[in-house]
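[1] I'd like to go over a predicted model; first the sequence, then the structure.
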Amino acid sequence: FLDTAVIDEIRIVHSWGVLDGVTTNPTLFAKAGGGSYPEVLEEICGITSGPVSAEVIADDLEGILREGRTFAKIAPNIVIKVPMTETGLTAISTFAEEGIPTNCTLIFSTAQGMLAAKAGATYLSPFVGRLDDIAQEGLDMVRELSAVLEIHGMEAEIIVASTRSPRHVIDGAIAGAAIATVPFKVVQQMIK
Ligand code: G3P
């Protein structure tokens with residue numbers, strides 16, 4: 001997946017035939033400029049039919065559900081990105097009951113990932129780069145989470161997130177994660 005809200009970057013990587021989906025967040029959207037967040041999401045969904053993550057900014061249950069249900073109406077490939085919190089878990093399980101796919105974001109431990117998978121998250125986003133930033137081995141979490149999902153036949157898929165280098169993408173794949181979400185620059189580094 002491409003981790004961006006910049007339309008040109010999405011078009012370019014799509015043209016290379018290697019784009020399976022896109023993840024966005026409020027920070028990436030703010031950096032990209034352009035129209036409103038829903039307008040940008042709609043444009044992205046017009047480029048790729050793969051999963052497109054739209055992140056909620058509310059932190060109360062009603063707000064998260066309202067934003068998520070609104071985003072879900074934009075296109076059939078929208079996935080609601082919900083932060084890993086107690087309220088987030090409730091929202092994820094509610095969305096799961098409603099058949100709305102979710103991406104549990106800001107996962108910083110295997111235990112958090114297990115809970116998100118149990119709540120019914122479609123995707124789990126462990127933030128490897130941010131753990132590396134605080135001198136922890138981010139990929140260890142991906143290895144553990146991947147093993148837990150495999151051993152117990154849980155359906156959630158790991159998206160290796162906060163990837164900063166091709167090494168993260170490679171090691172995430174070897175650890176068993178089928179997906180990494182990657183900044184445009186890192187995809188270019190993979191080519192070079
Ligand atoms: O995929 C999550 C990402 O957008 C955060 O990346 O590099 O700011 O930790 P980073």
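    Right, received. Where do you want to start?
[2] Name the residues that touch stretch 108-121?
    With Cβ atoms under 8 Å, 6 or more residues apart in numbering as the contact definition, stretch 108-121 has outside contacts at 82, 84, 89-90, 92-93, 95-97, 102-104, 107, 124, 126-127, 130-131, 141, 144-145, 148-149, 154-156, 158. Where C-beta positions appear, they are placed from N, C-alpha and C, glycine not excepted.
[3] Buried residues, stretch 112-120. List them.
    112-117, 119-120 (16 or more other Cβ atoms under 10 Å).
[4] coming back round to it: in helices only, show me the contacts of stretch 108-121.
    Counting by DSSP state H, the contacts of stretch 108-121 place 89-90, 92-93, 95-97, 130-131, 141, 144-145, 148-149 in helices.
[5] so which pair among these is furthest apart in space?
    E97 and L131 (31.3 Å; Cβ to Cβ).
[6] Tell me which helix or strand comes right after the lowest-mean-pLDDT helix or strand in the chain.
    Ranked by mean pLDDT, DSSP states H and E, the helix or strand of the chain with the weakest confidence is helix 26-32, at a mean of 94. Once the chain leaves helix 26-32, the next helix or strand it forms, by DSSP states H and E, is helix 37-47.
[7] just checking, what packs against the next helix-or-strand element following that following helix?
    Using DSSP H and E, the helix or strand that directly follows helix 37-47 along the chain is strand 52-55. Under the contact definition 3 or more Cβ pairs under 8 Å, 6 or more residues apart in numbering; DSSP states H and E, strand 52-55 sits against strand 22-23, helix 37-47, strand 78-83, strand 102-107.
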